[in-house]
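Trainee: got a predicted structure plus its sequence, pasted below:
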Amino acid sequence: MRFAAVWGLPPLLWQLAFFVTPLGFLVAMTFWSVKNFRLIPDATLANWRFILNAGFFRSAYVYTFWLAALTALIASLVAFPAAYTLAYRLKPATRRFLIFMLVVPFFTSYPVRIYSTQIFFSPEGIINALIAPLGFGPVSVLNTPTGTVVGYLVLTLPLVVLLQTFALMNVPKTLIEAAHNLGCGRLRTILTVIVPSARVGLIVAATFTFVLAFGDYVAPLYLGGSKPPTLSILIADQVKSGNHWPRASVVAAIMILTLIVVMTGMLGLAYGRRGGRR
């Protein structure tokens with residue numbers, strides 16, 4: 001017991017120093033005020049009332065939540081065929097190589113990947129140059145919600161494929177063989193055996209996608225044009241507008257609370273039924 005406590009102390013201290021303490025300071029700052037562009041430690045609810053009653057905040061909240069949820073859905077659906085192929089249809093050597101190739105994008109800075117995406121989707125970019133001889137285009141993606149979603153997918157899709165692949169690989173092969181022996185076709189086996197068995201991993205992958213997209217700042221700025229603004233853009237705007245860190249802290253605190261609620265709900269969805277059976 002003492003041995004476990006000693007080894008568990010460094011991570012605990014790390015979390016206290018670099019997560020709990022900054023989070024507590026962030027929450028405390030939401031009750032401060034700004035006078036003459038200077039932060040004044042206070043105990044006021046004015047920042048909460050201003051943000052919660054502001055129409056621009058409600059619009060940004062709904063917009064950010066919707067884009068993050070849409071990205072999680074698209075990434076989950078697009079990644080599943082690739083993950084299924086990696087898990088069941090390829091030789092181990094080929095699978096290892098492709099998994100390595102999915103990891104490679106994480107070696108490159110995310111802003112660099114976003115700048116590269118701009119080259120593809122700019123009005124004179126690669127995609128429009130390819131479709132112009134066919135009589136299509138130009139396709140407008142930059143400075144639109146579609147551009148923001150594309151940026152979110154650039155960030156999250158490789159991770160979703162990896163998580164789904166590992167989840168599918170952990171499904172017992174005996175269950176799949178039993179389904180085939182009982183006359184289930186491939187599609188029915190996927191829907192009734194593989195997906196339920198890999199449910200936890202699939203939900204965790206979707207949850208990671210939502211969390212990363214909900215708080216991302218780079219894609220909405222450089223691909224979405226920050227119009228309409230997401231919550232991350234709104235935080236920066238509040239800081240630039242009169243150096244109002246307390247209002248920005250309110251937006252950040254609401255984002256953290258939203259992520260906690262979403263993650264709790266998704267984990268309950270992933271483990272709830274299994275826990276009920278026990």
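Mentor: Yes, it's here. Residues are numbered from 1 along each chain as shown.
Trainee: burial check on Asp74, number of neighbours?
Mentor: One correction, residue 74 is Ile, not Asp. 18 (other CB atoms under 10 Å). Using the backbone N, CA and C atoms, a C-beta is placed for each residue, glycine as well.
Trainee: quick check: buried residues in the strand or helix carrying it?
Mentor: Secondary structure from DSSP states H and E places Ile74 in helix 55-84. Using 16 or more other CB atoms under 10 Å as the test for burial, helix 55-84 gives 57, 60-61, 63-65, 67-72, 74-76, 79-80, 82-84.
Trainee: check stretch 215-226 too.
Mentor: 215-216, 218-226.
Trainee: one more: stretch 259-268?
Mentor: Going by 16+ other CB under 10 Å, stretch 259-268 has these buried residues: 259, 262, 266.
Trainee: out of those residues, flag the one nearest to Phe97.
Mentor: Nearest to Phe97 out of the buried residues of stretch 259-268 is Met266 (CB to CB; 31.6 Å).
Trainee: for that closest one, which non-adjacent residue is closest in space?
Mentor: With CB to CB, 6 or more residues apart in numbering as the criterion, Met266 has its nearest non-adjacent residue at 4.4 Å, and that residue is Thr207.
Trainee: just the pLDDT at that neighbour, thanks.
Mentor: You'll see Thr207 listed with a pLDDT of 96.
Trainee: do a quick rundown of the strands in the stretch 1-150 of the chain.
Mentor: Applying DSSP state E, counting those that start in this stretch to the stretch 1-150 of the chain gives strands spanning 33-35, 38-40.
Trainee: Met101 is nearest to which of the ones you listed?
Mentor: When the strands of the stretch 1-150 of the chain are compared (using CB to CB), the closest one is strand 38-40, at 47.5 Å.
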